[in-house]
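Enquirer: sequence and predicted structure, then a few things I'm wondering about:
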Amino acid sequence: MRFASSYHRLASALGALFLVGWLALPVAAQGLPVSTLVIAAQDGKAHEFEVEVAASEQSRATGLMNRKSLAEGKGMIFVFPQPKEVMMWMKDTLIPLDMLFIDTSGKVINIAENARPMDETIIPSRGVSAYVVELAGGEASRLHLAAGDKVSGPALGFKARD
């Protein structure tokens, strides 16, 4: 009886520990993994962001659609299975966004600033991109981000799951 009681206490403790560990995993409310990235601007300043990682075809298709806000320092990174010319749009996106198109080395190749909510106009990468980072509209200008800046961090290490 003592063994069974000790066993149950241990099992309960391990179960609670597992649950706490699982809850501590960084996951956005939408179920996407969350990671960090740093944008090293050419003016020498580094800007850190917490980004949701859209690495599946479905999560890339949904993106930030239907969100009513995006806090400063937050964003989303789209991870593509193969580098390519990327075409984005703002269909069903309720907030203005800045889009940073990034090559395989982490270099920003183009920035589309303040993309208009609900607009179905195609926004091209203007070069081969492996990633697109979306930030709140106006962030790129406020932080003086530009083509040529370098992006780094674990967020760029995710693999597409298509």
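Expert: Cool, got the structure. Note that the coordinates shown come from a computational prediction; the quantities given were computed from them, not determined experimentally.
Enquirer: so what's the gap between stretch 50-67 and the chain middle?
Expert: Centre-to-centre, stretch 50-67 and its host chain are 7 Å apart (C-alpha atoms, centre = their mean, to the nearest Å).
Enquirer: give the buried residues for that stretch.
Expert: V51, E52, V53, A54, A55, S59, R60, G63, L64 (16 or more other C-beta atoms under 10 Å). In short, each C-beta sits where N, CA and C put it, glycine included.
Enquirer: now swap in stretch 149-162 and tell me
Expert: D149, V151, G153, A155, L156, A160.
Enquirer: which among those gets closest to F78?
Expert: Closest approach between the buried residues of stretch 149-162 and F78, by C-beta to C-beta: A160, at 9.1 Å.
Enquirer: my guess is that closest one meets F80, correct?
Expert: Yes: counting by C-beta atoms under 8 Å, A160 touches F80, with 5.8 Å between them.
Enquirer: circling back to that earlier point, could you work out the most separated pair of the buried residues of stretch 50-67?
Expert: Every pair of the buried residues of stretch 50-67 checked by C-beta to C-beta; the farthest is A55 and L64, at 14.8 Å.
Enquirer: just the strands from the chain, written as ranges.
Expert: For the chain, the strands defined by DSSP state E cover 34-40, 46-54, 74-88, 97-102, 108-115, 123-136, 150-152.
Enquirer: between the two ends of stretch 108-121, what distance do you get?
Expert: Taking C-alpha to C-alpha, to the nearest Å, stretch 108-121 runs 21 Å from one end to the other.
Enquirer: my error: substitute stretch 93-103 in the last question.
Expert: 24 Å.
Enquirer: pull the distance from it to the chain's centre.
Expert: Using C-alpha atoms, centre = their mean, the offset of stretch 93-103 from its chain centre is 11 Å.
Enquirer: tell me how far A155 lies from G75.
Expert: Look at A155 and G75: by C-beta to C-beta, to the nearest Å, they are 9 Å apart.
Enquirer: okay then, goodbye and thanks.
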